[in-house]
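> prediction below, plus the sequence it came from.
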Amino acid sequence: MVLSASSQTEVGKISVPGAYTLDDTPDHKTLYVATVIGDVYTIDSVAMTVVNRYMGSQIGPSGFPSSTALVMADGRVALLGGTGGVSLDGAGQVELWNPANNSLSTVSVCSSFVGNSGGISRTPDRTKIILSSVDSGPFCIMDESTGQSNT
């Protein structure tokens, strides 16, 4: 559902089957929507239309189904791997995806969270990825441009 902020009424609908998480680009013109089955959609937020559907099996050279897609400052998208469905026991690894050339870069500095990530977020300036643990324990902050992290 698309809502008007001023009138608080529905102004449109955009069909994305299994939509789970969404994020926008810095210019707010494109939304990235990750789904429960691992696909990622891009939506033109002005025209309110689906622009692309990236099937999880076709993201990167070998496929990378994702439950979360967050747009970073450099245009890459931080993806939190899923298992083709929502998991309550932690998610898979984190990859940085470049939609322009369909390449993936593994986020290995936060490797202690692989299979145990409880959530992913990014800083408001879009330069750092924040991973939390399922165990309510430590979290990891990684700079997407340098790859350096703090846990």
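It's in.
> what's the mean pLDDT across stretch 35-47?
Mean pLDDT, stretch 35-47: 94.
> which residues are contacting that stretch?
The contact list for stretch 35-47 (C-beta atoms under 8 Å, 6 or more residues apart in numbering) reads 14, 16-20, 24, 28-34, 49-57, 59, 64-67, 69, 77, 79, 82, 84-86, 99. Using the backbone N, CA and C atoms, a C-beta is placed for each residue, glycine as well.
> could you list the low-pLDDT ranges of the chain?
Residues of the chain meeting the criterion pLDDT under 70: 82-92, 108-118, 134-137, 149, 151.
> for it, just list every one of the strands.
Secondary structure of the chain (DSSP state E): strands at 2-3, 10-12, 19-24, 30-35, 40-44, 49-54, 66-71, 77-81, 94-98, 103-106, 117-122, 128-133, 139-143, 149-150.
> tell me who's in contact with the residue minimising distance to the centre of the chain.
Centroid check for the chain by C-alpha atoms, centre = their mean gives A69 as the closest residue, at 1.0 Å. By C-beta under 8 Å, 6+ apart, A69 lies in contact with T21, L22, D23, Y32, V33, A34, V40, V77, A78, L79, W97.
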